[in-house]
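**Student:** Could you look at this predicted model? Sequence included:
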Amino acid sequence: MVESIHELRKKVQEPVRAYNDVAGVLVGDRVSIHVTRAFLALGLSPDVGTIGMLVCGLAGSACLPFGGGWAVLGFALVFVYYVLDCVDGEVARYRQVEKLEWGFHDFLFHLYVKSAFFTCLGVYAVLETGRWWAFAFALAALLATIFGKALYDAALVLTARYVLMRTTAERARFTREVLAGSDPAEMERDGDLPGEQQPFTFGRVPGLARAVLTNFDLSILWFLAAAVIDLFRVPMIVGGVTFDLKCALLAFYGVVLPLDFLDRLYTYHRTQGFQRDARRLVRRAHHFRAK
């Protein structure tokens with residue numbers, strides 16, 4: 001007998017609540033838990049969710065250039081991709097069979113799907129508008145999404161490569177660089193310091209609006225809504241260019257996402273985010289011992 005939804009939330013969602021973003025808080029956790037319960041009742045492996053998310057994401061993206069009802073189906077399938085992305089982790093966490101190797105595949109699957117999503121949207125925009133430059137909005141949105149992901153992972157990758165995996169002399173030199181200006185007592189702390197790895201909270205309206213409007217997973221829902229509306233309205237014509245709500249929304253993301261990335265990049269530099277994240281990893285590694 002599978003536990004109740006409330007009990008399942010305690011087992012598979014609360015332990016990773018601190019890592020949730022706005023999409024997880026508003027949508028992901030609320031939808032995925034019911035699918036997770038079905039997976040558990042049917043005895044399905046978390047691998048089914050992981051493979052399913054890739055298939056749904058790529059298949060949904062492939063439907064987008066055809067427009068009309070195909071676009072609605074495509075966005076719906078990409079939303080299923082997002083739900084299954086939550087489900088595979090929840091099922092694995094419940095059965096205590098999480099594997100780092102599948103985390104690697106999961107990471108790449110996200111890149112595959114997001115690349116296919118914006119590429120196919122760009123193709124649709126070109127076909128709909130008859131203007132080749134419409135693809136530039138999709139390309140800008142895609143690059144901003146990928147660069148945004150790389151921005152926060154760079155500290156982990158570079159610290160592991162240049163501090164944890166180098167020779168003793170090189171490791172000592174890079175470690176001194178990472179720890180320069182830090183409180184010596186900080187290195188004795190095993191775990192997060194106050195203010196680190198805070199879960200998403202509903203703060204001021206501008207910050208919340210920015211999080212909602214720049215989140216990839218929530219954008220799927222906005223595109224789905226636009227696709228449904230486009231079924232019942234004629235395309236707009238401005239300056240001789242024909243476009244619909246999906247194209248307008250793509251243009252919005254093609255401008256807003258790059259601006260959002262540039263602001264995050266500036267803030268990351270200004271607040272010394274790289275040094276902070278690298279120091280955090282070194283501190284954790286200092287306390288880590290392989291058993």
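**Tutor:** Good, I have the coordinates. Numbers count the residues shown, from 1 in each chain.

**Student:** going forward, measure contacts between C-alpha atoms and count neighbours the same way
**Tutor:** Fine.

**Student:** If you tally nearby residues, what's the number for Leu156?
**Tutor:** Using other C-alpha atoms under 10 Å, Leu156 has 17 neighbouring residues.

**Student:** now swap in Gly130 and tell me
**Tutor:** By other C-alpha under 10 Å, the residues close to Gly130 number 13.

**Student:** what's the distance between Tyr253 and Ala138?
**Tutor:** Distance from Tyr253 to Ala138, counting by C-alpha to C-alpha, to the nearest Å: 8 Å.

**Student:** scratch that, Tyr162
**Tutor:** Relative to Ala138, and taking C-alpha to C-alpha, Tyr162 is found at 35 Å.

**Student:** Equivalent analysis for Tyr81, please.
**Tutor:** For Tyr81, the distance to Ala138 - C-alpha to C-alpha - is 20 Å.

**Student:** low-scoring stretches of the protein, by residue?
**Tutor:** The model of the chain has pLDDT under 70 over residues 1, 183-203, 287-291.

**Student:** biggest helix in it by residues?
**Tutor:** Using DSSP state H, we find that the single longest helix of the chain is helix 100-129.

**Student:** That one: which residues count as buried?
**Tutor:** 106, 109-111, 113-129 (16 or more other C-alpha atoms under 10 Å).

**Student:** Output the contacting helices and strands for it.
**Tutor:** Contacts defined by 3 or more C-alpha pairs under 8 Å, 6 or more residues apart in numbering; DSSP states H and E place helix 100-129 against helix 46-63, helix 135-159, strand 241-243, helix 245-270.

**Student:** got TSV for the ones you listed, with distance to Val97 too?
**Tutor:** Shown next, in TSV, are the helices and strands packed on helix 100-129 (distance: least, C-alpha to C-alpha, whole Å):
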stretch	distance to Val97
helix 46-63	9
helix 135-159	24
strand 241-243	47
helix 245-270	35
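
**Student:** what's the closest of those to Asp277?
**Tutor:** helix 135-159 (6.0 Å; C-alpha to C-alpha).
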